[in-house]
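Enquirer: here is a sequence with its predicted model. Questions after.
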Amino acid sequence: MAKHQETARLIEQEAVAHETYRMSLHSPAIAREARAGQFLMLQVRDATDPLLRRPFSFHRIRRESGTVEILYRVVGRGTWLLSRLQPGAMLSLIGPLGNGFSLPPAGDGPIFLVAGGIGIAPLAELMAGLLEAAPSDASHGIHLFYGARTAVELLGAESLDHPGLRIHWSTDDGSAGLQGYVTQSMEGVTEGEGIRPVRIYSCGPLAMQYRLALWALRQGIEAQLSLESLMACGFGACLGCALPATGPGGSASSGYLHVCKDGPIFPAGSIQWDRIRQQQIAPPIFRCI
Ligand SMILES: Cc1cc2nc3c(=O)[nH]c(=O)nc-3n(C[C@H](O)[C@H](O)[C@H](O)COP(=O)(O)OP(=O)(O)OC[C@H]3O[C@@H](n4cnc5c(N)ncnc54)[C@H](O)[C@@H]3O)c2cc1C
Ligand code: FES
């Protein structure tokens, strides 16, 4: 798949939740090629500070208007600078990068989408595609489990609601939806209502991905996880985004996968989760979006 370096015009930027912004960029070459789960590398401004491009998932891809949207949380200097930009600003992008989600056969279900916090970013485009392809049928339902630490970090229901979608809200502090982790919300529906997904797609913090991956492996349910690591280049040149890979049959191995070119979407069984969790293996800060 072709990747492009393109100078994009910022069309619109709005605050959509606490420290969270949605940005729309006119980037027709990238919009034409991009798929759900892929990402772009964005140069925050035309200067050497910040030096490195920043990776962001495609939140929405609008081929007809040649625009792509990113949804981002302000966590440091680069994202803070980004949040100050006004429509008309020009930004250098490289994309689309990475592998993207693989889609189930049309009408297959139930399907669970599990989003922790800003992890909703890549799942929105996937969800739109699944909803377009699937009939709104309870037995083949699409379930979104969407959790955050607290209510102000959640996107509003109006941007997610769809007749074919069942949303299960949760917050760690109970300020919206079920009180507890998003994985508890998912396990509750599976056990309490007897709904077993044919596939899970997820994105969220490491602790969530870790728990979800182990649960899916135990249950024998296919899960595709959008993972993240610190990235310098975004296309396989610096080898800085390595994660410990499993060997044949899920065994331990000394091999590595690179988030930018082997991912960012990985099957639950392809990563040595215990090595990341227990040994705090590089990258030093590891989370998914
Ligand atoms: C494939 C991919 C897709 C991503 N998609 C999104 C998205 O859709 N929305 C979104 O909000 N964020 C996303 N991120 C994370 C985003 O790239 C970082 O939050 C951003 O680069 C931080 O830049 P900064 O200059 O504001 O922060 P910095 O000043 O560079 O760092 C601030 C803090 O955040 C940490 N940090 C920086 N980059 C990362 C990273 N990649 N992973 C974990 N911690 C990091 C730093 O270690 C530091 O503690 C994605 C990352 C990857 C790898
Ligand atoms: S970010 Fe450079 S190899 Fe992945």
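Expert: Arrived safely. All figures in this text were calculated on a predicted structure; none of them were measured in a lab. Ligands and ions are numbered 1, 2, ... in the order given.
Enquirer: number of nearby residues for residue 7?
Expert: 13 (other Cβ atoms under 10 Å). From N, CA and C alone the C-beta is placed, and that goes for glycine too.
Enquirer: next one: the helix or strand hosting it to chain centre, how far?
Expert: Taking DSSP states H and E as the definition, one finds residue 7 inside strand 4-17. Taking Cα atoms, centre = their mean, to the nearest Å, one finds the center of strand 4-17 at 18 Å from the center of the full chain.
Enquirer: please apply the same query to stretch 165-177.
Expert: For stretch 165-177, the distance to the chain centre is 18 Å (Cα atoms, centre = their mean).
Enquirer: tell me the mean pLDDT over that stretch?
Expert: In this model, stretch 165-177 has a mean pLDDT of 96.
Enquirer: so which bits of that stretch are buried?
Expert: Judged by neighbour count (16 or more other Cβ atoms under 10 Å), stretch 165-177 contains these buried residues: 165, 168-172, 176-177.
Enquirer: what about the most centrally placed residue in the chain, distance to residue 227?
Expert: Geometric centre of the chain, nearest residue: residue 122, 3.6 Å, by Cα atoms, centre = their mean. Using Cβ to Cβ, to the nearest Å, one gets 11 Å for the distance from residue 122 to residue 227.
Enquirer: ok, now residue 58?
Expert: From residue 58 to residue 227 the distance is 16 Å (Cβ to Cβ).
Enquirer: mind picking the two most distant members of the buried residues of stretch 165-177?
Expert: Between any two of those, the greatest separation by Cβ to Cβ is 22.8 Å, found for 165 and 172.
Enquirer: and the residue in the stretch 1-150 of the chain that ligand 2 sits nearest to, what helix or strand is that in?
Expert: Residue of the stretch 1-150 of the chain nearest ligand 2, by Cβ to the nearest ligand atom: residue 55 (8.0 Å). Assigned by DSSP H and E, residue 55 falls within strand 54-57.
Enquirer: is any residue of that strand near ligand 1?
Expert: Yes. With Cβ under 6 Å from any ligand atom as the criterion, ligand 1 is reached by strand 54-57 at 54-57.
Enquirer: list buried members of these by neighbour count.
Expert: The buried subset of those (16+ other Cβ under 10 Å) comprises 54-57.
Enquirer: now, which of the residues of strand 54-57 next to ligand 1 sits nearest residue 80?
Expert: Nearest to residue 80 among those, with distances taken as Cβ to Cβ, is residue 54, at 11.3 Å.
Enquirer: ok, residues contacting the strand holding residue 7?
Expert: By Cβ atoms under 8 Å, 6 or more residues apart in numbering, the residues outside strand 4-17 that reach it are 21-30, 33, 67-68, 71, 83, 85-95, 152-156, 159.
Enquirer: given it, what are its sheet partners and their directions?
Expert: strand 20-26 (antiparallel), strand 90-97 (antiparallel) (DSSP bridges).
Enquirer: surely residue 149 and residue 116 touch.
Expert: No. The pair residue 149 / residue 116 is not scored as a contact, 9.2 Å apart, by Cβ atoms under 8 Å.
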